[in-house]
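**Student:** okay, here's the prediction I keep looking at, along with the sequence it came from:
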Amino acid sequence: MKNTVILGAQWGDEGKGKIVDLLAENYDAIVRFQGGNNAGHTLVIEDKVYKLHLVPSGILYPGKKCILGNGMVIDPQVLLQEIEALQERGVDCKNLFISDRAHVIMPYHKVWETLEENLRGKQKIGTTKRGIGPCYADKITRIGIRMLDLVNPEVLKQKLSDIVPFKKQLIQAFGGENDSISENEIYESYSNYGKALQERIVDTSALLEKIDASGGRILFEGAQGMFLGIDHGTYPFVTSSNTVASQASIGAGVSMKKIHKVMGVIKAYTTRVGGGPFPTEIEGGVGEELRKAGKEFGTTTGRPRRCGWLDLEMLKYVHRLNGLDAVVLTKLDVLKGIHPIKVCLGYEYQGQRLESYPSDTRILDSVNPIYEELDGWEEDISRCLSFADLPLNCKKYVQRIEEFSGVPVEIISVGPERDRTIFREL
Ligand code: GDP
Ligand code: IMO
Ligand code: MG
């Protein structure tokens, strides 16, 4: 299989970063195709921890092309800081490229987002406040600034003079603070970001075509997770981009025929940061145990993640939309000592079993998950190197996921480090 998409199959933080880092060794280009620095991907390499927000998780391999695709929204200041921090640690970033079509997060996006969250009242999403939603909104409204504008000072100046006064008025009208937003200061700083990033801003779609044509392999790195996706997630408690595999084609600028394999990453349980429905959430008790054992605190905002049981009804929906070739199961080590382990196999609503994943969050809020209980295990599995090494109940857990979803579990992660991984020959 030549080109592969790695996709979050829950509400984000499934451990995609670790898996992309691990697989990147066998690919020539690693591409992010949506989202921005709302993502937080943690890589643990021996005693070093890298937290990436914009830079693809393939950056630790010198010589691999790392690409920020056109489907992303990019805060250039954050990107420059991330590059600098990596370079200070000896990571070579010369092969990092940014699509000239990617949209730019501007200071007024961040100010507007705070106002928007306040306006939502009880429907507050609990966003990461990185300006993601307002930046995508401007893209769709067709008043966005793109990376290519940063390296064309005249164009940037003109666009800012059209947009900034309008944004300032809007912010003021909704009671926001607009003194910090100055057209001249934005021009100065953003044209400087353009200068600093100039060499990297290219037509990445054309670059990927060349890599592909010369037989190179491409790994598409998803951010967030399917249930945070704008079309198929738990709307409105979602992010503002599509997180499904087909977005890899749009957001990287490659033909969908160039995608040969789709892998969905799930945690052995479920987590969610921010507001929104979560049918299998466990408040207190085992939920607390999972948060502690799994260190479930957000990489980007540090917020505690809500925890709950594994939900295979969700996986079924992910498979329907993405045609999964394989599941990657992470954090299986965290379930150690939990008895029994519950797995959700469907939802009941007003006494009826639902046939498919509901679109209405009000329904999702009041469904009763249908659980199956499985026996747990006491052993520490974090040093198991093969499937055969796992305790019997642990194997049964994995097999139940495969049986219900009809998708093979190809990789099992039993710790944050690269070598805490079981690859299965299937
Ligand atoms: P991502 O956003 O999907 O890349 O996931 P995050 O990096 O935000 O969150 C996953 C967290 O779990 C990180 O701190 C990883 O180091 C850690 N992690 C990944 N896989 C495993 C695993 O198999 N076991 C344990 N205990 N931790 C893991
Ligand atoms: P990774 O790539 C977990 C959540 C936020 C909020 C909602 C909307 O690390 O898995 P946004 O700032 O995107 O408008 O916030 O989406 N969210 C994530 N949750 N992991 C992420 O990324 C997330 N990116 C956004 O908490 O609920
Ligand atoms: Mg994360």
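**Tutor:** Here it is on my side, so go on. Ligands and ions are numbered 1, 2, ... in the order given.

**Student:** now do the same contact list for the residue of the stretch 151-300 of the chain found nearest ligand 3.
**Tutor:** Closest to ligand 3 within the stretch 151-300 of the chain is residue 299: 4.6 Å, counting by Cβ to the ion. No exception for glycine: its C-beta is placed from N, CA and C like everyone else's. Applying Cβ atoms under 8 Å, 6 or more residues apart in numbering, we find residue 299 in contact with 13, 40-42, 51.

**Student:** what does the pLDDT read for residue 316?
**Tutor:** On pLDDT, residue 316 comes in at 98.

**Student:** actually residue 301, not the one I wrote
**Tutor:** On pLDDT, residue 301 comes in at 79.

**Student:** near ligand 3, which residues of the stretch 151-300 of the chain show up?
**Tutor:** residue 299 (Cβ under 5 Å from the ion).

**Student:** low-confidence stretches in the stretch 151-300 of the chain?
**Tutor:** Across the stretch 151-300 of the chain, nothing is flagged by pLDDT under 70.

**Student:** any chance you could map the helices in it?
**Tutor:** With DSSP state H, counting those that start in this stretch as the criterion, the stretch 151-300 of the chain has helices at 153-173, 183-197, 204-213, 246-252, 286-293.

**Student:** of all those, which lies closest to ligand 2?
**Tutor:** Of all the helices of the stretch 151-300 of the chain, helix 246-252 sits nearest to ligand 2, with 13.3 Å by Cβ to the nearest ligand atom.

**Student:** elements contacting the closest one?
**Tutor:** helix 204-213, strand 218-221 (3 or more Cβ pairs under 8 Å, 6 or more residues apart in numbering; DSSP states H and E).

**Student:** skipping adjacent residues, who's closest to the residue of the stretch 151-300 of the chain closest to ligand 3 in space?
**Tutor:** Of all residues not flanking residue 299 in the chain, residue 40 sits nearest, at 2.8 Å (Cβ to Cβ, 6 or more residues apart in numbering).

**Student:** what of residue 353?
**Tutor:** Per Cβ to Cβ, 6+ apart, closest to residue 353 is residue 346, 5.7 Å.

**Student:** burial of that neighbour, as a residue count?
**Tutor:** 20 (other Cβ atoms under 10 Å).

**Student:** so it sits right up against residue 311, yeah?
**Tutor:** No - between residue 346 and residue 311 there is no contact, the gap being 9.5 Å when judged by Cβ atoms under 8 Å.

**Student:** against ligand 2, how distant is residue 231?
**Tutor:** Going from residue 231 to ligand 2 by Cβ to the nearest ligand atom, to the nearest Å gives 14 Å.

**Student:** spatially nearest residue to that residue (excluding sequence neighbours)?
**Tutor:** In space, residue 231 is closest to residue 242, 5.7 Å off (Cβ to Cβ, 6+ apart).

**Student:** give the contact list for the one you found.
**Tutor:** Counted by Cβ under 8 Å, 6+ apart, residue 242 has contacts 34, 229-232, 250-251.

**Student:** what of residue 147?
**Tutor:** 74, 76, 98-104, 197, 201.

**Student:** repeat that with 6 Å
**Tutor:** When contacts are counted by Cβ atoms under 6 Å, 6 or more residues apart in numbering, residue 147 touches 98, 100, 102, 201.

**Student:** among the residues you listed, which pair sits farthest apart?
**Tutor:** 102 and 201 (8.7 Å; Cβ to Cβ).

**Student:** deepest-packed of the helices of the stretch 151-300 of the chain, please.
**Tutor:** Of all these, helix 246-252 has the most neighbours on average by mean count of other Cβ atoms under 10 Å, namely a mean of 22.

**Student:** list of residues touching it?
**Tutor:** Contacts of helix 246-252 (Cβ under 6 Å, 6+ apart): 5, 31, 33-34, 69, 71, 220, 256, 259.

**Student:** run through the helices of the stretch 301-426 of the chain in chain order.
**Tutor:** 312-322, 361-366, 392-405.

**Student:** just the C-alphas of the longest one, formatted as CSV.
**Tutor:** Taking only C-alpha atoms (Å, rounded to 0.1, in the frame of the first residue of the first chain), the coordinates of helix 392-405 have been written out as CSV:
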residue,chain,number,x,y,z
LEU,A,392,-5.9,-13.6,27.5
ASN,A,393,-8.6,-11.1,28.5
CYS,A,394,-6.6,-8.4,26.7
LYS,A,395,-6.6,-10.4,23.5
LYS,A,396,-10.3,-11.0,23.9
TYR,A,397,-10.8,-7.2,24.1
VAL,A,398,-9.0,-6.6,20.9
GLN,A,399,-10.8,-9.5,19.2
ARG,A,400,-14.2,-8.1,20.3
ILE,A,401,-13.4,-4.8,18.6
GLU,A,402,-12.5,-6.6,15.4
GLU,A,403,-15.5,-8.8,15.5
PHE,A,404,-17.9,-6.0,16.0
SER,A,405,-16.4,-3.5,13.6
